[in-house]
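[1] Need coordinates for the below:
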Amino acid sequence: MISEVWIALYIAVLAAFTGYTVIGRVPSLLHTPLMSGSNFIHGIVLVGAMVVLGTATTTTEQILGFIAVVMGAMNVTGGYVVTERILQMFDRSKPKKGG
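    Just a heads-up that it's a prediction; the model follows:
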């Protein structure tokens, strides 16, 4: 039991350092495509949370599953809103204001 906790903690810390290193090296021009890719991944996480909620048997599992679904939906929605706003900044078809 204790060794499983240490393994899970090790994987989480390793994933955090890897993610920080990868994101830190992305040029600013590629952040928009990267956001779109992360939105795709967050959509998969949302589907996983819904599956877990569907198989929950205890009240605690159902509450945690519901919270996971709500937070996943907020994450996906917010990601798409941010991506849309970033893409609007680069839209050349609209004239710029004040100039």
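[2] Can you point out the buried residues in the helix or strand hosting Glu61?
    Using DSSP states H and E, Glu61 sits within helix 59-89. Of the residues in helix 59-89, those buried by neighbour count under the rule 16 or more other C-beta atoms under 10 Å are Gly65, Ala68, Val69, Gly72, Asn75, Val76, Gly79, Thr83. Glycine gets a C-beta too; all of them are placed from N, C-alpha and C.
[3] The first one reaches Thr59, doesn't it?
    It refers to Gly65. No. Using C-beta atoms under 8 Å, Gly65 makes no contact with Thr59, being 10.5 Å away.
[4] re earlier: tell me which of the buried residues of helix 59-89 is nearest to Asp91?
    Thr83 (12.9 Å; C-beta to C-beta).
[5] Just give me the neighbour total for Leu53.
    Using other C-beta atoms under 10 Å, Leu53 has 17 other residues around it.
[6] Please, which helix or strand holds it?
    Take DSSP H and E as the rule and Leu53 turns out to sit in helix 31-55.
[7] what's the answer for Val26, then?
    With DSSP H and E as criterion, Val26 is part of no helix or strand.
[8] Show the contacting residues for it.
    Counting by C-beta atoms under 8 Å, 6 or more residues apart in numbering, Val26 touches Leu34.
[9] how near is Leu14 to Ser38?
    Counting by C-beta to C-beta, to the nearest Å, the gap from Leu14 to Ser38 is 19 Å.
[10] More neighbours: which of those two?
    The neighbour count for Leu14 versus Ser38, taken as other C-beta under 10 Å, is higher for Ser38 (15 against 10).
[11] isn't the more buried one right up against Gly79?
    Yes. The pair Ser38 and Gly79 passes the contact test of C-beta under 8 Å, sitting 6.5 Å apart.
[12] hmm, back to that, and the helix holding Leu53, how far out from the chain's middle?
    From the chain centre to the centre of helix 31-55 is a distance of 6 Å (C-alpha atoms, centre = their mean, to the nearest Å).
[13] Now do it: everything it contacts.
    Contact with helix 31-55 is made by 23, 26, 61-62, 65-66, 68-69, 72-73, 75-76, 79-80, 82-83, 86-87, 90, as judged by C-beta under 8 Å, 6+ apart.
[14] Appreciated, that's everything.
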